[in-house]
Each structure stands twice: as structure tokens, then as C-alpha cells.
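**Q** pasted the sequence and its predicted model underneath.
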Amino acid sequence: DQQLQKEQNFNTYSMLNDEGIHSNISVFVPIRLRHVHRRLRENDPTLVRLDLGGSNFGSLGAKAVAHGLARNSTIVEMNLSYNLINPDGVQALSTVLIQTLKLQILDLHCNNVSDEGAAFIGNFVLPHNETLTSLLLRNTFIGSSGALRLAEGLMQNQTLQVLDLGANRIGNEGAIALGKALSGRTSKENLKLKWLSLWDNQIDGVGITAIAEVLCYGNQYLQYLNLGQNRIDTQGANAIGRILAHNTVLKELHVGDFRLGPREAKSIAVGLHYNVSLQILDMSPNTMGKEGMAAFVRALEKNQTITKLRFGIEENDCQQQIDFYLKLNKAGRKHMGDVSIPWSLWPLILAKFNRQPDLLCHWTRNRPDLCNSIG
């Protein structure tokens, strides 16, 4: 019965080596992949994005895709999420991706990559592939040892810009290793990663501190960081505050966690007070309450760049003040004190405050000299 089921669901293709001689290895191609496999092998120029997410074809299917990719030079984006791919399938893909010419986006989320599969990616793909810019590995059962292998590969990589490791279990050991990779100190060229998600990874203050040390002084590329749903204790909140106070590149930060209470919120708010680059800060969920939100009101009196601030808690009278400062920043509050802006541009800037009397009032209080000159 099992053999009959296999014959009903799979066709057998003979693999060819580079010399065109039949090898003794066979690859099982699921019937629903047969057409895709042929188009991959024939370098179909119209096949640029391949979406096979949710096909549940397992590692046999992943090996068939790898076989099709072996000489492909057209695929730019490939979604293999939700396919029950185990480390054997990841190994087959990794071996081929060493030489893949154009692939830029690889989505493997919600597969059983595990530490073993992460090692294949870290050992083969990241050090050698020169086109991959986005690697999505969310919820793939990667632990600390897998994160170590990925970090080692990242130290030899100069092209990856997006890495999603959310909903894994890399812990502090994995976070520390990734922090070293972000620092660029152990590689010839700095890793140019711009987007990193470590959401829900069992990281506490120790791991967050290691990442903070790098982002405070050593990394000038990362613009998005998600540390939400980790164990953000007092030590972690202090580290996040330091990131905000010293980093001048980061534009979006997610740090929501139920352990984030009033004390931790105040530490982060102090950093936001001095920040000059962040535009979006997501702190939901949390338990900071009104006391924690009041600290952010004080921070926003100074901060001129943040335009979105999410708390995810019941609104209170602090919210109105926070909304005012956010609107002010969206309208361009940072221009108010910029004396280098040509006078001819100020009428255009003033137009942004049209129909917003509260913002206009604030503007006139801060730059009466310009108001009098513009008339």
C-alpha cells in the first residue's frame, strides 16, 4: 500500500551530473511539482518568482526543487514556507544555493530547519552565495547552536540585508553570537544587514545587552530590529535605552513584552529623549501603565523624529499629549530649530501646519522670528 501511494504521488526523474552522465541517484518529483521542475531546468525566463508555500511536499519535494535550481539563472524570489522540509531538504537546497546566480529572497519559515539545517545554511549558503538579500527563517526550530552556525556564516557575508529568526529559541548564546556578527570585528568586510527580527527567542537582559553594545557604537547599517516577546527585564530595558541614546541609524524598534513595567519603560524613555533617528517604536504588549506612559510624554518634549509610538494598553490622559507630539514630529518639528534652511522654503514648511491650530500655535511659540519675517 505504501509503495502504491508513492507511485500515485511521485514520478521518478534520473539526475544528471555536470558531464551529462547518469548518476545512480534518483530524485522523486511530486506530480504537482513536475511542471515547475521542468521550467526550472529549462531556465524559463518567465519564471522569476516561485511561490510553493503551503504545498506540504516535504524534503523529497525540496530535493526536487533543488535539482531544478541546479542550473537555473532566472529565479529571483522563492517561497518554500509551510512545506514540512527537514534538514535533509535544507541540505539539498543549501548545496545548490552556493552557485545559484540570481536568487535574492528565500522564504523557509515554518519548516523543520532545526539546528542541523541552520548549520548547512551557515556553512554553505551565507559564506558563498553573493546574491541572497533576504532570508526568512521564522518558526523553524532553530536553537543556540544553529544560531552560532548562522552567525559564523554571516561573518563572511556582504550581501544579506534581511534576516528573520523570529519564533525560534536561540537564547542568550545565539544573541551574543549574532551580536558579534553585527559588529563586523571578526570579518574582513562589515555585514550590511538592515532588517533583523529576533522576536520570541528566549533572550533576556544578557543577550539584549550584547546586541546593544554593538548597536551603540559598532554597527552603522541596521535600521529595523524586533526584540519583542523576549524576557525584557530591567537589564534588557537599560540596554535598549542605551541603544536609543547612542544609535543614529535605527529607524524602527519593537520591544513589547509583558515584563516591561513602569521601571523598564522609564529606562527606555530616557534613551528616546536623546534619540535622533528612530521613527517607529512598538512597545505592545506591556504592563507600564500610566506611570510608564508619563515618562514617554517627557521624552517626546525633546524627541523630534518619532512619528509612531504603540503601547497596546488602555488609553489614559497621557495619550492625548503623546499624540500631540507625534503629530508635531510628522509635520516636521525638527525643522523649527534648523537655521540653515533657506528662507524661501519656510512658507512651504508652514503650509504643513495648515488646519492644525495646535501645531501652528506650537510653531509660532518656537520660531517667532520666522513668523514675523514671513508675515
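**A** Right, received. Where do you want to start?

**Q** now the strands for this structure?
**A** With DSSP state E as the definition, the chain shows strands at residue ranges 10-16, 22-30, 49-51, 77-79, 105-107, 134-136, 162-164, 195-197, 224-226, 252-254, 280-282, 308-310.

**Q** quick check, central residue of this structure?
**A** Ranked by distance to the mean C-alpha position of the chain (CA atoms, centre = their mean), the top residue is Leu196 at 3.1 Å.

**Q** where does this structure dip in pLDDT?
**A** 1-28, 100, 185-190, 335-341, 343-347, 349-375 (pLDDT under 70).

**Q** repeat that for 50
**A** In the predicted model of the chain, residues 1-25, 187-188, 373-375 satisfy pLDDT under 50.

**Q** Leu215: what's it in contact with?
**A** Neighbouring residues of Leu215 by CB atoms under 8 Å, 6 or more residues apart in numbering: Leu182, Leu222, Leu225, Ile243, His246, Asn247, Leu250. Where C-beta positions appear, they are placed from N, C-alpha and C, glycine not excepted.

**Q** any idea how far the third one is from Ile243?
**A** Counting by CB to CB, to the nearest Å, the separation of Leu225 from Ile243 is 8 Å.

**Q** need the overlap of contacts for these two.
**A** Shared contacts of Leu225 and Ile243 (CB under 8 Å, 6+ apart): Leu215, Leu250, Leu253.

**Q** would CSV of these with distance to Gln321 be doable?
**A** Putting the shared contacts of Leu225 and Ile243 into CSV (distance: CB to CB, whole Å) gives the following:
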residue, distance to Gln321
Leu215, 29
Leu250, 24
Leu253, 21
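
**Q** just name the closest of the residues you listed to Leu52, please.
**A** Distance to Leu52 across the shared contacts of Leu225 and Ile243 (CB to CB) is lowest for Leu253, with 33.1 Å.

**Q** how near is that closest one to Asn275?
**A** In this view, Leu253 and Asn275 are 9 Å apart by CB to CB.

**Q** overlap of the contact sets of these two?
**A** Counting by CB under 8 Å, 6+ apart, the shared contacts of Leu253 and Asn275 are Leu244.

**Q** for the chain, longest helix please?
**A** Ranked by number of residues, the top helix in the chain under DSSP state H is helix 317-331.

**Q** what residues sit buried inside that one?
**A** Counting neighbours by 16 or more other CB atoms under 10 Å, one finds that the buried residues in helix 317-331 are Cys318, Gln319, Gln321, Ile322, Tyr325, Leu326, Lys327, Leu328, Asn329, Ala331.

**Q** go on, stretch 284-298?
**A** Counting neighbours by 16+ other CB under 10 Å, the buried set in stretch 284-298 is Asn286, Met288, Gly289, Gly292, Met293, Ala294, Ala295, Phe296, Val297.

**Q** what's the closest non-adjacent residue to the last one?
**A** Spelled out, it's Val297. The shortest distance from Val297 to any residue other than its chain neighbours is 4.8 Å, reached at Gln321 (CB to CB, 6 or more residues apart in numbering).

**Q** repeat that for the fifth one.
**A** Closest residue in space to Met293, ignoring its immediate chain neighbours: Cys318 at 4.0 Å, by CB to CB, 6+ apart.

**Q** so what's that neighbour up against?
**A** Each residue near Cys318 by CB under 8 Å, 6+ apart is listed here: Lys290, Met293, Ala294, Phe296, Val297.

**Q** same thing but at 10 Å, please
**A** Under the criterion of CB atoms under 10 Å, 6 or more residues apart in numbering, the neighbours of Cys318 are Gly289, Lys290, Glu291, Gly292, Met293, Ala294, Ala295, Phe296, Val297, Phe311.

**Q** and the two most separated of these?
**A** Largest separation among the contacts of Cys318 by CB to CB: Gly289 and Val297, giving 13.3 Å.

**Q** residue boundaries of the helices in the stretch 201-350 of the chain?
**A** For the stretch 201-350 of the chain, helices defined by DSSP state H, counting those that start in this stretch occupy the ranges 205-217, 234-246, 262-274, 289-300, 317-331, 346-351.

**Q** TSV for the ones you listed, including distance to Leu52?
**A** TSV is the format used below for the helices of the stretch 201-350 of the chain (distance: least, CB to CB, whole Å):
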stretch	distance to Leu52
helix 205-217	33
helix 234-246	38
helix 262-274	41
helix 289-300	44
helix 317-331	41
helix 346-351	49
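
**Q** just to check, Asn86 is in contact with Asn111?
**A** Yes. Asn86 is within contact range of Asn111, at 7.7 Å (criterion: CB atoms under 10 Å).

**Q** more crowded one of those two?
**A** Set side by side, Asn86 and Asn111 show more neighbours around Asn111, with 25 against 17, by other CB atoms under 10 Å.

**Q** enumerate every residue touching the more buried one.
**A** Shown here is Asn111, whose contacts under the criterion CB under 10 Å, 6+ apart are 58-59, 62, 80-87, 89-90, 117, 137, 139-141.
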